[in-house]
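Colleague: Sequence plus predicted model, see below.
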Amino acid sequence: MPAIDFKVIKQDGTTAARLGSLTTPHGTIATPIFMPVGTQATVKAMTPEELREVGAQIILANTYHLYIRPGHELVGRLGGLHEFMHWPGPILTDSGGFQVFSLGELRKITEDGVRFQSHLDGSYHFISPENAMAIQEALGGDIIMCFDECPPYPSEYAYVEKSLGLTTRWARRCKESHARTDQALFGIVQGGMHRELRERSAAELMEIGFDGYALGGLSVGEEKELMYEVMGYCAPVLPVDQPRYVMGIGAPEDLIEGIHAGFDMFDCVMPTRNARNGMLFTSFGRVNIKGAAYAEDRSPLDPECGCYVCKNYSRAYLRHLYRSGEILASRLNTWHNLHYYLNLMTQAREAIGAGRFGEFRKEFYAKRFSL
Ligand SMILES: CNc1nc2cc(C(=O)NN)ccc2[nH]1
Ligand SMILES: [Zn+2]
């Protein structure tokens, strides 16, 4: 009995966008879906009940951070992430591949795995594909990710080619050592910005066979056009009847382009991190709430939003909270940004259901810069 079941409910009329249903041991998710990032077993500033209220269906937790603190064995002993963080819905854990490679000089890659120093106290650690599986199995997420190498951008062609071979060999080791049948395992396609390498990586992973496929190694400093090009030629080579996930993506327009290309799942720290920095997303573009223009602006942040924040608070008050360094600023700004992202996904799903995602995409761009 596979851990997850994915069905394409409806293919859009004129684009590669599709409406899907992803059933996991902790509930069923409508796709396309955005996953709020809960790095240290919390989506910062939000309770699980509030996450539900803004429309979150599935959240992401970071294996690297939870391995370092409080430790995956501790989380396992306390019943796993769902129990530990009081989140009853589906959880996806990344493998730590990206975080560990982001440590830069503090890490050494070998065929067997990666040796790295903790960002907290400099202590030495080693993660192999096998223990990336053991860590995620202890954390107890519903969907876990292969341990891969995310090459820096830009990298020499030869390096990217060599790296994808390591990612494939590591993916095979992940599948061989993955024991929990109630956890789905996704492969991660690498290959940089080279079409033939991306297609080779995808083919090698599909040969091994996974429950879903992610596109890694994007949003690493490349131009948006290049990111969209890679998404455009990767989606069609991935299995049509399995979930397609783009990791670390992205800004609202990146989600629209990812859905347009045929992807189903997205995660990004942007809505939550930007919220804490006063950068708010609205249907008409971005609002930097600390701007003096909002000092006496009694209007809601986004008149078209309708979330708890936009129904009850003025831009002037949100600006005051932010400038005063109030904790409520992070909470209200996060609430609104997550509602914006998740509501955008709801609208996208409705548009696909009506066979009009192409028109929806045009409307999205038409009103974006009318602030
Ligand atoms: C914000 N940019 C961004 N790029 C990512 C790439 C990966 C990846 O390749 N994981 N194996 C994961 C998260 C990412 N977030
Ligand atoms: Zn709002």
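Modeller: Sure thing, it's come through. Ligands and ions are numbered 1, 2, ... in the order given.
Colleague: C-alpha from now on. contacts and neighbour counts both.
Modeller: Fine.
Colleague: Which pLDDT value goes with the residue in the stretch 51-200 of the chain that ligand 2 sits nearest to?
Modeller: At 9.7 Å from ligand 2, residue 54 is the closest residue in the stretch 51-200 of the chain, using CA to the ion. The per-residue pLDDT reported for residue 54 equals 98.
Colleague: Distance check, residue 203 against residue 210.
Modeller: 12 Å (CA to CA, to the nearest Å).
Colleague: Which one's more surrounded, the two?
Modeller: residue 210 (19 against 16; other CA atoms under 10 Å).
Colleague: Identify the residue spatially nearest to that one, adjacent ones excluded.
Modeller: Nearest non-adjacent residue to residue 210, counting by CA to CA, 6 or more residues apart in numbering: residue 186, 5.5 Å away.
Colleague: Do I have it right that that neighbour meets residue 148?
Modeller: No: counting by CA atoms under 8 Å, residue 186 sits too far from residue 148 to count as a contact (11.1 Å).
Colleague: more crowded one of these two?
Modeller: Legend: neighbour count by other CA under 10 Å for residue 186 and residue 148, higher for residue 148 (30 against 25).
Colleague: Buried residues in the longest helix along the chain, which are they?
Modeller: Counting residues, the longest helix in the chain under DSSP state H turns out to be helix 327-353. Neighbour counts over helix 327-353 (16 or more other CA atoms under 10 Å) mark 329-346, 348-349, 351-353 as buried.
Colleague: close to ligand 1, is the helix or strand of the chain with the lowest mean pLDDT?
Modeller: Lowest mean confidence among the helices and strands of the chain (mean pLDDT, DSSP states H and E): helix 97-102, at a mean of 88. Yes: against ligand 1, helix 97-102 shows contacts by CA under 6 Å from any ligand atom at 97-98.
Colleague: which secondary structure elements does that helix contact?
Modeller: Judged by 3 or more CA pairs under 8 Å, 6 or more residues apart in numbering; DSSP states H and E, helix 97-102 is in contact with no other helix or strand.
Colleague: Quick one: distance of the following helix or strand past that helix to the chain centre.
Modeller: The helix or strand immediately downstream of helix 97-102 is strand 107-109, counting by DSSP states H and E. For strand 107-109, the separation from the chain centroid amounts to 24 Å (computed by CA atoms, centre = their mean, to the nearest Å).
Colleague: quick one: average pLDDT of the helix or strand following strand 107-109?
Modeller: Next in sequence after strand 107-109, counting helices and strands by DSSP H and E, comes strand 114-117. Across strand 114-117, the average pLDDT comes to 94.
Colleague: next one: stretch 246-265
Modeller: Mean per-residue pLDDT for stretch 246-265: 98.
Colleague: cool, stretch 68-83 as well?
Modeller: The model assigns stretch 68-83 a mean pLDDT of 98.
Colleague: in that stretch, what's buried?
Modeller: 68, 71-76, 80-82.
Colleague: and the end-to-end length of that stretch?
Modeller: Start-to-end, stretch 68-83 (CA to CA) is 19 Å.
Colleague: host element of the spatially closest residue to residue 256 that is not a sequence neighbour?
Modeller: Using CA to CA, 6+ apart and skipping the chain neighbours, the partner closest in space to residue 256 is residue 361 (6.7 Å). For residue 361, the host element (DSSP H and E) is helix 357-368.
Colleague: angle of that helix against helix 327-353?
Modeller: 140 degrees (axes from the mean of the first three to the mean of the last three CA atoms, to 10 degrees).
Colleague: For the stretch 1-150 of the chain, which segments count as strands?
Modeller: Taking DSSP state E, counting those that start in this stretch, the strands of the stretch 1-150 of the chain run over residues 5-11, 18-24, 27-31, 33-35, 59-61, 91-93, 107-109, 114-117, 124-127, 143-145.
Colleague: Output the set of residues of this protein in proximity to ligand 2.
Modeller: 305, 307, 310, 336 (CA under 5 Å from the ion).
Colleague: For the residues you listed, give me a markdown table that also has pLDDT and distance to residue 137.
Modeller: Formatted as a markdown table, the residues of the chain next to ligand 2 follow (pLDDT from 0 to 100; distance: CA to CA, whole Å):
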| residue | pLDDT | distance to residue 137 |
| --- | --- | --- |
| 305 | 96 | 39 |
| 307 | 98 | 36 |
| 310 | 98 | 40 |
| 336 | 98 | 33 |
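Colleague: Excluding chain neighbours, what is closest to the spatially most central residue of the chain?
Modeller: The chain has residue 267 as the residue nearest its centroid, 1.5 Å off, counting by CA atoms, centre = their mean. Of all residues not flanking residue 267 in the chain, residue 35 sits nearest, at 4.8 Å (CA to CA, 6+ apart).
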